[in-house]
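Trainee: Build me a model from this:
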Amino acid sequence: MTGMIQNNRGMMLAALTIVLLIFAITTAGLLAVTSEHIGSYASHRTAAALALAEAGLAQAAHSLASDPAYLGGRGELETGTFQVRISTGSEPSRRIVISTGIAKAAGRTVRKSVEAELDVSRRGAPHLVYWRQL
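Mentor: Prediction:
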């Protein structure tokens with residue numbers, strides 16, 4: 001009888017070890033999936049902020065085409081907002097445009113900026129001299 005009880009204790013220990021191992025593997029898998037989801041969401045916010053900054057740049061180019069004295073402004077789209085600042089460039093006919101896109105989601109804010117120099121001396125749309133992400 002004593003040998004049977006000790007054998008049952010050994011089986012219980014083996015079963016408990018297997019259950020804990022399964023639990024640990026499941027938890028690790030869930031953590032990996034959650035981490036991947038969070039990283040993907042952050043990447044989406046970054047891309048949205050950059051797209052907003054580029055939208056601000058496009059809006060500034062459009063405004064400069066009709067008013068070379070335009071100094072910037074703000075805009076709002078479904079995914080967030082953008083802010084545009086314009087100053088005189090390396091020549092009097094050129095404008096430095098800095099546009100910042102601001103994407104907000106789930107209580108977090110991501111900002112991305114782009115800078116461009118536009119030549120407004122020609123009729124029609126300004127000519128892009130350079131563009132870079134800040």
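
Trainee: so where's this structure uncertain?
Mentor: 1-7, 9, 35-41 (pLDDT under 70).

Trainee: how about the helices in the chain?
Mentor: Using DSSP state H, the helices of the chain run over 2-66.

Trainee: Closest to the centroid, which residue in it?
Mentor: Nearest to the geometric centre of the chain sits T46, at 0.9 Å (C-alpha atoms, centre = their mean).

Trainee: If I follow the layout properly, it ends up in contact with K112?
Mentor: Yes - counting by C-beta atoms under 8 Å, K112 is a contact partner of T46 at 6.6 Å. Placement of C-beta: from N, CA and C, glycine included.

Trainee: what is in contact with those two at once?
Mentor: The contact sets of T46 and K112 overlap at A103 (C-beta atoms under 8 Å, 6 or more residues apart in numbering).

Trainee: can you count the residues close to the residue lying closest to A116 once chain neighbours are set aside?
Mentor: Closest residue in space to A116, ignoring its immediate chain neighbours: W131 at 4.5 Å, by C-beta to C-beta, 6 or more residues apart in numbering. Counted with other C-beta atoms under 10 Å, the neighbours of W131 add up to 13.

Trainee: Check G80 too.
Mentor: 22.

Trainee: which residues touch the closest residue to it other than its chain neighbours?
Mentor: Leaving aside its chain neighbours, G80 sits nearest to A103 (4.1 Å; criterion: C-beta to C-beta, 6+ apart). Contact analysis of A103 by C-beta under 8 Å, 6+ apart lists R45, T46, A48, A49, L52, T79, G80, T109, V110, K112.

Trainee: Excluding residues flanking it in the chain, which one is nearest the fifth one?
Mentor: On the basis of C-beta to C-beta, 6+ apart, the spatially nearest residue to L52 that is not a chain neighbour turns out to be G101, at 2.8 Å.

Trainee: Quick check: the one you found touching A51?
Mentor: Yes - the criterion here is C-beta under 8 Å, and G101 meets it with A51 at 6.6 Å.

Trainee: Looking at the two now, which is surrounded by more residues?
Mentor: G101 (28 against 17).

Trainee: Beta-bridge partners for the more buried one, please?
Mentor: F82, K112 (DSSP bridges).
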